[in-house]
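J.: return atomic coordinates for the entry below.
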Amino acid sequence: MSKSATVKDVPAAPFIKALAEHFKSGGQFDVPEYCRYIKTASFKELGPYDPDFYFVRAASIARKVYLEGGVGVGGLAKVYGGSARKGTRKCHFQRGSRGILRHILRQLDDMKIVQKKKGQKGRFITSTGQKTLDVIAKQLISGFKRPEFYEMSLAGPSAEDVEEGVEGEEVEEGEEGE
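T.: The predicted model follows:
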């Protein structure tokens, strides 16, 4: 049985991982050479340890644009921001690096996954992008087991189940009236 699925039907972590692999194997992404040396935010002490972080961030951004729509560089910088630790002073929120986000959005635009709309701010998912992401979601959902909760009928237990439960219980006649 073929089940249709969208990005909303799949958990985020496995979907982002699968989409990052798709981007990496597709060969359409140009990872900048300086990517080894950059940090993802000003409040970070070190750059990412994962050599494929660029593809993972691109997959995460594509998912965000799919789910929310109208997302721009500033909004994504807030999403990927975090708490700046300042030693003994209080922590304050700081935004993520906008250069990486801008570069990834441009590449997603070149791949026709996201694009700008006239008269509106931010980026939106295209029909091609939606189709690509839904195909990956459909491939993932086939590997997940559906919980038993969804297999239960709405009518309740069947008549046979009720009779089996009643037959197993024996009631003595003397105890009923007491």
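
J.: all strands for the protein, in order.
T.: 82-86, 89-94, 114-116, 123-125 (DSSP state E).

J.: how about JSON lines for the ones you listed, with distance to residue 55 added?
T.: The way it works is simple: take the backbone N, C-alpha and C, and place the C-beta from them, glycine included. Shown next, in JSON lines, are the strands of the chain (distance: least, Cβ to Cβ, whole Å):
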{"stretch": "strand 82-86", "distance to residue 55": "21"}
{"stretch": "strand 89-94", "distance to residue 55": "24"}
{"stretch": "strand 114-116", "distance to residue 55": "16"}
{"stretch": "strand 123-125", "distance to residue 55": "18"}
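
J.: quick check: which of the ones you listed has the most neighbours on average?
T.: The highest mean neighbour count among the strands of the chain, using mean count of other Cβ atoms under 10 Å, belongs to strand 123-125: a mean of 22.

J.: thinking again about what came up before, of the strands of the chain, which is nearest residue 45?
T.: Comparing the strands of the chain against residue 45 with Cβ to Cβ, the closest turns out to be strand 82-86 (8.9 Å).

J.: may I have the closest one as PDB, with CA atoms only?
T.: C-alpha atoms of strand 82-86 as PDB (Å, rounded to 0.1, in the frame of the first residue of the first chain):
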ATOM      1  CA  GLY A  82      21.900  31.200  20.900                       C
ATOM      2  CA  SER A  83      23.100  32.200  24.300                       C
ATOM      3  CA  ALA A  84      26.500  34.100  24.400                       C
ATOM      4  CA  ARG A  85      28.400  33.200  27.600                       C
ATOM      5  CA  LYS A  86      30.300  36.100  28.900                       C
END
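
J.: output the contacting helices and strands for that strand.
T.: strand 89-94 (3 or more Cβ pairs under 8 Å, 6 or more residues apart in numbering; DSSP states H and E).

J.: other residues contacting the strand it packs on?
T.: 41-43, 81-86 (Cβ atoms under 8 Å, 6 or more residues apart in numbering).
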